[in-house]
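[1] Fold the following.
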Amino acid sequence: MSQKNEHTAIERVRTARHPERPYTMDLLNTIFTDFVEVHGDRRYSDDPAMICGFARLGEHEVCVVGQQKGRDTKERQHRNFAMPKPEGYRKALRVMRLAEKFGRPIISFIDTPGAYPGIDAEERGQAEAIAFNLREMASFRVPIIVVVLGEGGSGGALAIGIGDRILMMENAVYSVISPEGCAAILWKDAGKADLAAEALKLTASNLNTFSLIDDVIPEPETWEVTYDNSSDSQEAFEHISESLKKALLSNLKELKTKTGDQLVHERFQKFRAMGKWALS
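    Model prediction:
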């Protein structure tokens, strides 16, 4: 998939953060049917930053997990700006375990600046919850497809990001740290975020080149620049939804031909190969 190379990395970051981009719930209402949400981690509470449940994608019954941002100030506060707490990751794990029990493929939507860093989250085991999810997702014997919708921030994204196929929206970003955070560490100046964004190689094009993702879902140019309620914007959203649905169905069809042992083995090899370097 060719990329629109005239956009710089920091422009991709700004587009990925745009408040009118499609969120998890938008796609649940568009490309899925019969969605039933599941609440709570059965240990502490429910986390509105993480949406979990079961739905139908075409003829397939699937599990869906994903981070959810808010459209206005009230909803953003309610969703904690899509920064899950430990109970959010444990809720996702609880639902994914149910999916494995009943043989349902898992579809995960990533869209978070990162896991919530508050002291209450740390007290309840934020790092442990993320690490536990990584281990458990690696061992699930059902197909897992991950989609990076907007921001994919650090361990907060990776905690629901272990999959057999990793898809990424054209204007999404996926990185170990935000450009501002990176710039503050390297240059003691968050204003140099544009330099950090280029150095981090966080765009879909970059990650596809490094074979860290499997496919890029194209976005129409009109969607990148308007983000309004015009007919062009609505048409662009419908185009994105249809492209994503086709990609999900295609990958799902292929993955469902594999046994549980094959899925686990290939998933393990996929992530073991990341970061390998060889001298030419």
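[2] Strands along the stretch 1-150 of the chain, start to end?
    Here the stretch 1-150 of the chain has its strands, by DSSP state E, counting those that start in this stretch, at 33-37, 50-57, 60-67, 106-112, 144-153.
[3] As a markdown table, those strands with distance to residue 242 would be great.
    C-beta here means a position set from N, CA and C on the backbone, and glycine is covered the same way. A markdown table is the format used below for these (distance: least, CB to CB, whole Å):
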| stretch | distance to residue 242 |
| --- | --- |
| strand 33-37 | 15 |
| strand 50-57 | 13 |
| strand 60-67 | 17 |
| strand 106-112 | 16 |
| strand 144-153 | 14 |
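[4] Switch those over to CSV; also include mean neighbour count and mean pLDDT.
    Listed next are the strands of the stretch 1-150 of the chain as CSV, based on neighbours: other CB atoms under 10 Å; pLDDT from 0 to 100:
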stretch, mean neighbour count, mean pLDDT
strand 33-37, 12, 97
strand 50-57, 21, 98
strand 60-67, 24, 98
strand 106-112, 27, 98
strand 144-153, 26, 96
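[5] nearest to residue 78, of these?
    For the strands of the stretch 1-150 of the chain, proximity to residue 78 was assessed by CB to CB; strand 50-57 is nearest, at 12.3 Å.
[6] Hey, what's the angle from the closest one to strand 33-37? Just curious.
    Interaxial angle, strand 50-57 versus strand 33-37 (axes from the mean of the first three to the mean of the last three CA atoms, to 10 degrees): 150 degrees.
[7] longest single helix anywhere in this structure?
    In the chain, with assignment by DSSP state H, the single longest helix is helix 231-255.
[8] how about that one: buried residues?
    Going by neighbour count (16 or more other CB atoms under 10 Å), the buried part of helix 231-255 is 233, 236-237, 240-241, 243-245, 247-248, 251-252, 255.
[9] Quick one: residues in contact with whichever helix or strand residue 266 is part of.
    Using DSSP states H and E, residue 266 maps to helix 260-272. The set of residues external to helix 260-272 that reach it, using CB atoms under 8 Å, 6 or more residues apart in numbering, is 138-144, 162-164, 255, 258.
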